[in-house]
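Asks: Give me the fold of what follows.
(one chain, ligands or ions: 1)
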Amino acid sequence: MSPPTLYHFPLSPPSRGAVIAAKIIGVPVEVKIIDLMKKEQFNESFIKINPQHCVPTLDDNGFVIWESRAIACYLADKYGTNDDIYPKDLQRRAIVNQRLYFDSSFVYPRIRAICYPIIYDGVTEIKEKLKNDLNATLGFLNQFLEDSKWVAGEHLTIADTAILASLTSILEVGWDITPFPNIERWLQSCTSIPGYEDNLEGAKIFASIVKKNLK
Ligand SMILES: N[C@@H](CCC(=O)N[C@@H](CS)C(=O)NCC(=O)O)C(=O)O
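Replies: Here you go, the predicted model:
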């Protein structure tokens, strides 16, 4: 068995989320870059692997799966040795899943709703409604962190890595996080996560494109 292959593009927040998840789980993955700027996701060889042509995509010795959070769950279940990262206990796991779905349904879509039109559609400012939507979501994240060190409790989990990858992208655009002190404190803890620097590097490039197009 060879190490799983992770098809990745460092500018993509969900793709970075899968990479940091693999790092905290401790599974070595062979990272292959699919350059979305060059539209490499439409190469025939990649379409054969993932007809939905998105990153991240995992190929574990012929077993192929995409969706960053599903990849993180799979890697943790198959290769994880630290039960805290994605607990087997039903209720602890349910909390991690809730935070993962919160990222997938609220945090990332709201960041994307702000950034994609600026990157791709010539939009040059951020509408008040989109600002308020994201800040409302950050308010809930701030509440989750009120009495806990990490987003799903007292231990670092794959929910932290998913949300971190989403959030750093907009923070690097210059989002004001000061109204959310628990998030600020959590972000400070996140600096010790393996892969933090690589994630930040991708987030900075992503954000530089957004900032360049903003008025
Ligand atoms: N929900 C997916 C989102 C994946 C996604 O949107 N990937 C984008 C980059 S951020 C992509 O690959 N776009 C290229 C395409 O769809 O052709 C996940 O979490 O993995």
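Asks: per-domain residue ranges of the chain.
Replies: As given by automatic domain parsing, the domain ranges for the chain are 5-81, 84-213.
Asks: can you put the ones you listed in TSV and add mean neighbour count and mean pLDDT?
Replies: No exception for glycine: its C-beta is placed from N, CA and C like everyone else's. Output for those, formatted as TSV (neighbours: other C-beta atoms under 10 Å; pLDDT from 0 to 100):
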stretch	mean neighbour count	mean pLDDT
domain 5-81	19	98
domain 84-213	17	97
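Asks: Throw those into a markdown table and include distance to the ligand, thanks.
Replies: Below are these laid out as a markdown table (distance: least, C-beta to the nearest ligand atom, whole Å):
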| stretch | distance to the ligand |
| --- | --- |
| domain 5-81 | 3 |
| domain 84-213 | 6 |
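Asks: ok, and what's touching the helix or strand encompassing residue 201?
Replies: Under the criterion of DSSP states H and E, residue 201 resides in helix 196-213. Outside of helix 196-213, the residues within contact range by C-beta atoms under 8 Å, 6 or more residues apart in numbering are 10-13, 16, 19-20, 115, 118-119, 122-124, 164-165, 168-174, 190.
Asks: Tell me the confidence at residue 1?
Replies: Looking at residue 1, its pLDDT reads 86.
Asks: so what's it up against?
Replies: Counting by C-beta under 8 Å, 6+ apart, residue 1 has contacts residue 61.
Asks: how long is stretch 186-194 from one end to the other?
Replies: End-to-end distance of stretch 186-194 (C-alpha to C-alpha, to the nearest Å): 15 Å.
Asks: Tell me where the protein has helices.
Replies: 13-25, 44-49, 68-79, 90-102, 108-120, 128-144, 158-171, 181-190, 196-213 (DSSP state H).
Asks: For residue 154, which non-adjacent residue is spatially closest?
Replies: residue 148 (6.1 Å; C-beta to C-beta, 6 or more residues apart in numbering).
Asks: do the same with residue 143
Replies: Residue nearest to residue 143 in three dimensions, not counting chain neighbours: residue 182, with 7.8 Å by C-beta to C-beta, 6+ apart.
Asks: so the one you found makes contact with residue 147?
Replies: No - with contacts defined as C-beta atoms under 8 Å, residue 182 does not count as touching residue 147, sitting 9.1 Å away.
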